[in-house]
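S.K.: test case, fold it:
(chains A, B and C)
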Amino acid sequence: MRRTLAALVGTAALAIAGPSLADTLTIATVNNGDMIRMQRLADDFRQKNPGIDLNWVTLEENVLREKVTTDIATKAGQYDVLTIGTYEVPIWAKQGWLVPLDLGAAYDVNDLLPPIRSGLSYDGKLYAAPFYGESSMLMYRKDLFAKAGLTMPEKPTWDFIKEAADKITDKQAGIYGICLRGKAGWGENMAFLTTMANSYGGRWFNEKWEPEFNGPEWKTTLNTYLELMKKDGPPGASSNGFNENLALFQGGKCGMWIDATVAASFVSDPKQSKVANDVGFAPAPCGTTCKNANWLWAWALAIPSSSKKTAEAEKFVAWATSKEYLQLVAAKDGWVNVPPGTRKSLYDNPDYLKAAPFARMTLQAIDSADPGLDGNSKPKPYIGVQFAAIPEFQGIATAVGQQFSAALTGQTSATQALQNAQLLTEREMRRAGYIK
Amino acid sequence: MATLHTRSLARLMMAPSVALLFLWMAVPLGMTLYFSFIRYNLLIPGPKSFVGFANYYYFLTDPAFASALVNTLIIVGGTLLITIVGGILLALLLDQPVFGQGIVRLLVISPFFVLPTVAALVWKNMMMNPVYGVFAQIAASLGLAPLDWFASAPLFSITLIVAWQWLPFATLILLTALQSLSEEQKEAAEMDGARRFSIFFYIILPHLARAITVVILIETIFLLTVFAEILVTTNGGPGVATTNIAFLVYAQALLQFDVGGASAGGIIAVILANIVAVFLMRMIGRNLEA
Amino acid sequence: MARAIPARRRWLLSILAWAVGLMIFFPILWTVLTSFKTEGEAIAVPPHILFFHWTLENYAEVQQRSNYIEHVTNSVVIALGSTLLALLIGVPAAWAAAFAPARRTKDLLMWMLSTKMMPPVGVLVPIYLLFRDWGLLDTLTGLTALMMLVNLPIVVWMLYTYFKEIPADILEAARMDGARLFNEIVHVLAPMAVPGIASTMLLNIILAWNEAFWTLNLTAAKAAPLSAFIASYSSPEGLFWAKLSAASTMAIAPILILGWFSQRQLVRGLTFGAVK
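M.R.: Now for the predicted structure:
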């Protein structure tokens, strides 16, 4: 009798304690292809870590940023793992909002590509583990080039691009010479336009933090961009961001596309792309210089210091960015779909190089981007290639992006747009105390 | 008819709602008021210093403020116009004995049940997309160049989406008011030889006045703070063409993370909304007295 | 109410009415149709309206990625819960305003309505901070309470207009017949007020269901309703129209069906004024 009672009590105790053994991690991610794939493969993590449950919050980039930033700035602690980028990491690490990562020896943190690793570190410590890294490059249709009798030079220039786009465009047939980002946003059209300005020798701010939209470099940039889009761009370009252009390119409507290197795997995948076998790759075009003509970005997983489950969160972060994860993706979806741009070992792997014809170019692009203070042709007071790593930047750059998007729709002239951009940026920088 | 006993009971019965709403107003509003006078940016830690009216000044001198004001009024006015005129016409149509009246009514009221974000997404991507959208394909089949709705007529496009969602509401309210109009009155007027047009203007329309008032009042409240549709489609652009006051505050709050500035903007928006409300009440308030 | 009108006119009117109805309903119809297409079909030019390869793959993928059931449950709890709470508090208030109006009742009602004119985004941070401090972030309790507060003015106001339609003489007569207040409410007022209460309830369920701002900003994973569900599909990921259509259909289906079945109730409630 006593034994049965004890057994009953024991079972009851276990039953009550049972559910609490499972920890739940709340993970905030972007709805990019690679992240969604990670969600799908999460069963592998759960097998290796029974007792840890995963709750996913998948949102569009801008909404995600707002929610995550609000959460972390008010220390609300709703999330255990965040997906953030090389923009947020230095700023947030400085505020002490992130947990420095110690992912163990097996993780092989020295295998991470140096520019990516330093972009995600602060004060020598790693604060976010890179999920994928990217730069930007030019993707083009080899068949359309051949038809127009063009060959892509090793280092294309904007003049060449203009010429090529004119020759390829056939609006009747729904083929547009070039597709470029037009959707307003600091991470959308401004990421592209900033690197284009870099390639003309421009920069966002001079040493005194005064914006340079009234200078010749931005003027040339905007005018070249508008000309290209007007003559050879698709309709509705002002609402096209990365994803829209990806859809257009995959549907065969673009002759050229300058955008993130991660797009390479999507456009070369015959399951998604109609033109998978006709894609060629080249470095992002140069203007008067090639310095920082391509950007540097990494989406990374970080742990907020307000999380109460840092140990489990670290396990997840380690899993999702490990060499084993790359192998997992290769096994399930092929080497071509492995998240790129994070580890040296990936680029030494012959299987990967064979499956991904864009691999070497991606690596070159990542290595050539320099976010440091001397990365552009003129010295700059901010870190970052296509952004300035100051908290005010995202608001300012989105507003500037709106102005340039308006110029694209023809609502404002290029001169007016540049003037507006200059005024509003100055206003914000003055309010924030950068300009005395 | 209210006896002393009833009156105190009445006050007791009103007390919970009034108290709750007061708290709901007072506490967050009070905090917002407080925030609007300090320098508080989520991303910049440090002591929050009192800055007087600096936030208000900053919000009001924003070059986008004036156009945001105009845009807000355009969205509200445009939607009211479309829904009331359209609502009256639809109500008249649905009042007729048509075949399958019930189903037609179902079709007409459906948009009201759709989530604003879903509505905006569907319109943006499936209807108005200049390459794949339905409008573009119709235009192409007629040999016309497809219109890039959100680039060339952004405010109109937003107003269209919002009006589509609110049309059923207006139609329903106006239809039921229409159906409460007694048949005899109409027949009497007809027998007196009045033409259809006069019947409409002198009998039907005045009867609908009260219902129209209700529609205007309720719709205005929601339309002043239209936000989801803008966020999902144009993000306030191009330029600031579709930024209304609510979106402007949002840009301060969640893009700049400037809580101080956003709070000032919120207070300004409340003041503006109250001005509109007083205006409205003065214009149509008499209709509310039954 | 059958008026004798010539058959031909009836046919013309019917055609017109159906045309208008279908035009208004078209975006929804198109979305539902597209949800059954493959991504390639979804962007086909010219579009295939009915004769395409019907597939359920989009629904499968959406279901796999997001926990639809959990989102629906959250939406139901929030919408229903907040409406019932609002009714609980609003009915007495509306009764008092309609039958025992004080001098300032009208102003009080207008003030209640004006609380809704505040753009939510202005008070987002204070509310966020309050929720954080009270542990209400990402909880159904917090969100339900908030929705109740947000819709309370509308509930009170709508009920007030319905109650005002009830002829006071009937209540007077009942009172003079010696009926106590309780009987007055239950046996006389309630039956006449039920349509009004029902349609207020329906309208508010719909409003709470469709609310997107607060639900998106104050929830993370546990209490996220359908508005958050659709937000994760709101940005394109390459070819996505079919998936978006599937997610949209799943998001609006419950409330659309509810609305259709209860539209008669909705209309009857609004027609109350006609029953004299």
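
S.K.: where in the stretch 101-250 of chain A is pLDDT low?
M.R.: Low-confidence regions of the stretch 101-250 of chain A, defined here as pLDDT under 70, do not occur.

S.K.: what ranges does it have for its helices?
M.R.: A:114-119, A:142-147, A:158-168, A:189-199, A:216-232, A:242-250 (DSSP state H, counting those that start in this stretch).

S.K.: out of the ones you listed, nearest to chain B?
M.R.: Across these, chain B has its closest neighbour in helix A:242-250 (7.4 Å, C-beta to the nearest C-beta). All C-beta atoms are positioned from the backbone trio N, CA, C, and that covers glycine.

S.K.: just checking, what packs against that closest one?
M.R.: Judged by 3 or more C-beta pairs under 8 Å, 6 or more residues apart in numbering or on different chains; DSSP states H and E, helix A:242-250 is in contact with strand A:176-179, strand A:254-260, helix A:263-267.

S.K.: of all the ones you listed, which one comes closest to chain C?
M.R.: helix A:263-267 (6.1 Å).

S.K.: chain center to the closest one, what's the gap?
M.R.: Helix A:263-267 sits 14 Å away from the centroid of its parent chain (C-alpha atoms, centre = their mean, to the nearest Å).

S.K.: so what are the sheet partners of the following helix or strand past it and their directions?
M.R.: Toward the C-terminus, helix A:263-267 is succeeded by strand A:279-283 as the next helix or strand (DSSP states H and E). Strand A:279-283 has the following strand partners under DSSP bridges: strand A:136-141 (antiparallel).

S.K.: ok, back up a step: now render the helices of the stretch 101-250 of chain A as JSON lines, adding mean neighbour count.
M.R.: Supplementary listing: the helices of the stretch 101-250 of chain A in JSON lines, determined by neighbours: other C-beta atoms under 10 Å in any protein chain shown:
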{"stretch": "helix A:114-119", "mean neighbour count": "19"}
{"stretch": "helix A:142-147", "mean neighbour count": "16"}
{"stretch": "helix A:158-168", "mean neighbour count": "18"}
{"stretch": "helix A:189-199", "mean neighbour count": "26"}
{"stretch": "helix A:216-232", "mean neighbour count": "19"}
{"stretch": "helix A:242-250", "mean neighbour count": "25"}
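
S.K.: residues contacting whatever residue of the stretch 151-290 of chain B ends up closest to chain C?
M.R.: Residue of the stretch 151-290 of chain B nearest chain C, by C-beta to the nearest C-beta: residue B:266 (1.8 Å). Residues counted as contacts of residue B:266 (C-beta atoms under 8 Å, 6 or more residues apart in numbering or on different chains) are B:32, B:36, B:249, C:118-119, C:121-123.

S.K.: quick one: it and residue B:59, what's the gap?
M.R.: Residue B:266 is 9 Å from residue B:59, where distance means C-beta to C-beta, to the nearest Å.

S.K.: just the element for the closest residue to chain A within the stretch 51-200 of chain C, please.
M.R.: Closest approach between the stretch 51-200 of chain C and chain A, counting by C-beta to the nearest C-beta: residue C:132, at 4.5 Å. Assigned by DSSP H and E, residue C:132 belongs to helix C:124-133.

S.K.: for that helix, buried residues please.
M.R.: With burial defined by 16 or more other C-beta atoms under 10 Å in any protein chain shown, the residues of helix C:124-133 counted as buried are C:124-132.

S.K.: of those residues, list those near chain B.
M.R.: Counting by C-beta under 8 Å from any C-beta of the partner chain, C:124-127, C:129-130 from the buried residues of helix C:124-133 sit close to chain B.

S.K.: just flag the most distant two among the residues you listed.
M.R.: Of all pairs drawn from those, the greatest distance, 10.9 Å, lies between C:124 and C:130 (C-beta to C-beta).

S.K.: what distance do you get for the residue in the stretch 151-290 of chain B that chain A sits nearest to to residue B:149?
M.R.: Per C-beta to the nearest C-beta, residue B:239 is where the stretch 151-290 of chain B lies closest to chain A, at 3.2 Å. Distance, residue B:239 to residue B:149, using C-beta to C-beta: 16 Å.

S.K.: among the ones next to chain B among the buried residues of helix C:124-133, which are in reach of chain A?
M.R.: Among those, chain A is touched by C:125, C:129 when using C-beta under 8 Å from any C-beta.

S.K.: want to throw the ones next to chain B among the buried residues of helix C:124-133 into CSV with pLDDT?
M.R.: Shown next, in CSV, are these (pLDDT from 0 to 100):
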residue, pLDDT
C:124, 80
C:125, 77
C:126, 83
C:127, 86
C:129, 84
C:130, 86
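
S.K.: in the stretch 1-150 of chain B, where is pLDDT below threshold?
M.R.: B:1-7, B:10.

S.K.: and the helices in it, which stretches?
M.R.: B:4-36, B:54-60, B:63-95, B:101-109, B:116-121, B:134-141, B:149-152.

S.K.: buried set for the fourth one?
M.R.: To tie it back to what came earlier, the one meant is helix B:101-109. For helix B:101-109, the neighbour count (16+ other C-beta under 10 Å) marks B:104-109 as buried.

S.K.: circling back to that earlier point, nearest to residue A:43, of the helices and strands packed on helix A:242-250?
M.R.: helix A:263-267 (22.4 Å).

S.K.: quick one on the thing from earlier: between the ones next to chain B among the buried residues of helix C:124-133, which is nearest chain B?
M.R.: For these, the closest approach to chain B (C-beta to the nearest C-beta) belongs to residue C:126, at 3.6 Å.

S.K.: from residue C:214, how far out is the residue in the stretch 151-300 of chain A that chain C sits nearest to?
M.R.: Closest approach of the stretch 151-300 of chain A to chain C (C-beta to the nearest C-beta) occurs at residue A:243, with a separation of 4.0 Å. As for residue A:243, its distance to residue C:214 is 27 Å (criterion: C-beta to C-beta).

S.K.: and what of residue B:51?
M.R.: 29 Å.

S.K.: neighbour count winner among those two?
M.R.: Legend: neighbour count by other C-beta atoms under 10 Å in any protein chain shown for residue B:51 and residue C:214, higher for residue C:214 (21 against 17).

S.K.: pretty sure the more buried one contacts residue C:123?
M.R.: No: Residue C:214 is not in contact with residue C:123 according to C-beta atoms under 8 Å; the separation is 10.0 Å.

S.K.: run a quick neighbour tally on the residue nearest to residue A:48 when sequence neighbours are not counted.
M.R.: Nearest residue to residue A:48, sequence neighbours excluded (C-beta to C-beta, 6 or more residues apart in numbering or on different chains): residue A:319, at 7.1 Å. By other C-beta under 10 Å, 22 other residues sit near residue A:319.

S.K.: tell me the buried residues in whichever strand or helix holds residue A:319?
M.R.: According to DSSP H and E, residue A:319 maps onto helix A:310-320. Neighbour-count burial for helix A:310-320, counted by 16+ other C-beta under 10 Å, picks out A:310, A:312-320.

S.K.: again with stretch A:69-79
M.R.: Counting neighbours by 16+ other C-beta under 10 Å, one finds that the buried residues in stretch A:69-79 are A:69-74, A:76-79.

S.K.: of the helices of the stretch 1-150 of chain B, flag the one that's most buried.
M.R.: helix B:116-121 (a mean of 26; mean count of other C-beta atoms under 10 Å in any protein chain shown).
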